[in-house]
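1. please work out how this folds:
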Amino acid sequence: MGVLAGALARAAGRLPANKNVKWGLGSNLWNSFKGSKFTDILDVMRDTGFIGLRLTQFPKILETYGITTQQMETEVSKRGLHVVTISFNGPAQDASKRKEILDSAKADMTFLKNFGAERLVVFSPNRNVGAAPDAFKTMCECYNQLGELAGEMGFRAGLHNHMGEMVQTEEELDRCMQMTDPKLFWLSPDTAHLHLAGMDVPKILERYKNRLMLADYKDAKRGPGGFLENIYDLGDGDIDFPACHRVLKAAAFKNWLIVDLDVARQGPRVSYERCGAYVVKTLEPIYV
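-> Predicted coordinates:
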């Protein structure tokens, strides 16, 4: 075996195993790298072992990258990759928009079926629109209906907590989980947003381990800077991912973890190589 072939073989051996836990990333990061092609995202995925993709700004992303659904299927398939979910949101706090949001969710899940996906990640509305007395209750009622629709289509829909949205704090997260039916609506937490909102991330995962359908593993530090300044590659922040991984092991979690970086200080490829090395070295010995 030549020197180059040996180096490539060793590098391949360090990629995440994608066994019980399967690793993915989000397309949103590439919006910060103007001139990127959709295939640039896929090539980084293939080369770093983050083989699942969460699409953002759907369906506009098709226009952004000048790609059709069929072309996306072709490019994803020939690299052995997967489109696993979409970042979905809508005016769930407004009862008059209920049909609109359910129709939109149905369209998104219909698109995802082309890729064999079965998860819909649901972002709550912006906090600024949730001031009405019944807004939170209306949102949760919408999520029960959305979850029911998802189940009928062979999907699971689950909440994604987020800073600046109606489900941001621990109290709001608990309330949303209490006001939605665990048989209909699941949880798709983001570790960075949990941490930055003041929560103990492993404890939250433990609390809702039976409702986890997918999760974002994203590192963060609580600091004085803006949001992007507080987001880091896996292992560079303050979140106890080994403890999180022990929760997943105890729950026999077998689904996607999305390392949806909001910033890549040395570019996407370098960040995902570093995240992949952390996965292999630190997390896979706990649960692979």
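2. give me the pLDDT for residue 132.
-> Looking at residue 132, its pLDDT reads 82.
3. I meant to write residue 14 there.
-> Reading off the per-residue confidence, residue 14 sits at a pLDDT of 87.
4. any idea how far residue 272 is from residue 50?
-> Separation of residue 50 from residue 272 (C-beta to C-beta, to the nearest Å): 6 Å. To be clear about C-beta, it is placed using only N, CA and C from the backbone, and glycine gets the same treatment.
5. go on, residue 70?
-> Following C-beta to C-beta, the distance that separates residue 70 from residue 272 is 27 Å.
6. next: residue 191.
-> In this structure, residue 191 and residue 272 are 17 Å apart, going by C-beta to C-beta.
7. more crowded one of those two?
-> Neighbour tally, residue 191 and residue 272, criterion other C-beta atoms under 10 Å: the higher count belongs to residue 191, 27 against 24.
8. now the more buried one. Its backbone dihedrals?
-> Dihedral angles of residue 191 (phi, psi; degrees, to the nearest 10) stand at phi -60, psi -40.
9. for the biggest helix by length in the chain, what is the average pLDDT?
-> With DSSP state H setting the assignment, residue counts place helix 135-152 as the longest helix in the chain. Throughout helix 135-152, pLDDT has a mean value of 98.
10. which other helices and strands contact that helix?
-> With contacts taken as 3 or more C-beta pairs under 8 Å, 6 or more residues apart in numbering; DSSP states H and E, helix 135-152 sits against helix 98-113, strand 119-123, strand 156-160, helix 170-179, strand 185-187.
11. tell me which other helices or strands the following helix or strand past the shortest one touches.
-> Looking back up the chat, that one is strand 185-187. Per DSSP states H and E, strand 185-187 leads on to helix 191-196 as the next helix or strand towards the C-terminus. Other helices and strands packing on helix 191-196, by 3+ C-beta pairs under 8 Å, 6+ apart, are helix 201-207, strand 215-216, strand 219-220.
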